[in-house]
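# Got a sequence here, can you model it:
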Amino acid sequence: MIPRSKIDKHDQKYTSIHRYISLLRGINVSGKNMITMPELVALYEAIGFTNVVSYIQTGNVIFESPNFDTATLEKQIEKAIADQFDLGVPVIIRTKEAFQQLANRNPFLGQPNIAIKNLYVTFLSAPPSKDTIEVLQGMTFENEAWEMSGLEIFAQYSTGYGTAKFNNNFIEKKLGVQATTRNWKSVISLHHILGE
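Have a look, this model is predicted:
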């Protein structure tokens, strides 16, 4: 007979719930890849995710799942979006814990003359190669500063993001990985929602 304590421990491994945030790349921007947030929430619930919450229109969805493999979750959501909306939308997922750590890792916070509205975070889908990181590190642009930390790039744009050269498309091209960018205000709002 298997001891009850071992059965409980085995069950717990498969029944624990994990909280995630998914960041969708390029939806509802400039009239492209239009998906309403109610549609997106319904899609997540149909997949089987629970406690699904969306934030603003650019594809930020918090959800819970017993699955602990973020790569599997990303592919599952991308396939569901492709099947239902006929759209190829990259999805980048972070765990609750990983996302909440961002609030303490931004190197630009607290620096003089830094406006919160000019702070952004770019989330990478995978670790770039060492060579591409070295190439990127050798590039500088006037009124723009950035620092890579793990799978995120923190940046500040003194004259705003709208005309920035070091933008999401540029980062994807140079690093060879998919990425999606959020302003710091959105990051902090999502951080608070995750903690609720």
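# Kindly state the beta-bridge partners for the residue nearest to K96 when sequence neighbours are not counted.
In space, and not counting its chain neighbours, K96 is closest to R19: 4.0 Å by Cβ to Cβ, 6 or more residues apart in numbering. Where you see a C-beta, it was placed from the backbone N, CA and C, and this is true even at glycine. On the basis of DSSP bridges, R19 is bridged to E64.
# What is the burial count for R19?
17 (other Cβ atoms under 10 Å).
# Please apply the same query to E152.
When neighbours are counted by other Cβ under 10 Å, E152 registers 21.
# now the residue nearest to K96: how far from W146?
28 Å (Cβ to Cβ, to the nearest Å).
# Just the buried residues of the longest helix seen in the chain, please?
As assigned by DSSP state H, the longest helix anywhere in the chain is helix 70-85. Neighbour counts over helix 70-85 (16 or more other Cβ atoms under 10 Å) mark 70, 73-74, 76-78, 80-81, 85 as buried.
# what's the most distant pair in those residues?
T70 and F85 (21.8 Å; Cβ to Cβ).
# what bridges to the residue most central in space within the chain?
The centre of the chain sits closest to L23, judged by Cα atoms, centre = their mean, with a distance of 4.0 Å. Counting by DSSP bridges, L23 forms beta bridges with N60, I92.
# my read: it touches S186, true?
No - judged on Cβ atoms under 8 Å, L23 makes no contact with S186 at a distance of 9.6 Å.
# Could you name every residue contacting both of these two?
Contact with both L23 and S186 is made by residues N60, according to Cβ atoms under 8 Å, 6 or more residues apart in numbering.
# hang on, the earlier thing: contact partners for the residue nearest to the centre of the chain?
59-60, 91-94, 123, 180, 182.
# Highest neighbour count among those residues?
In these, the most neighbours by other Cβ under 10 Å go to G59, 26 neighbours.
# pLDDT wise, what is that residue at?
We have a pLDDT of 91 for G59.
# ok, now P128?
If you check P128, the pLDDT there is 96.
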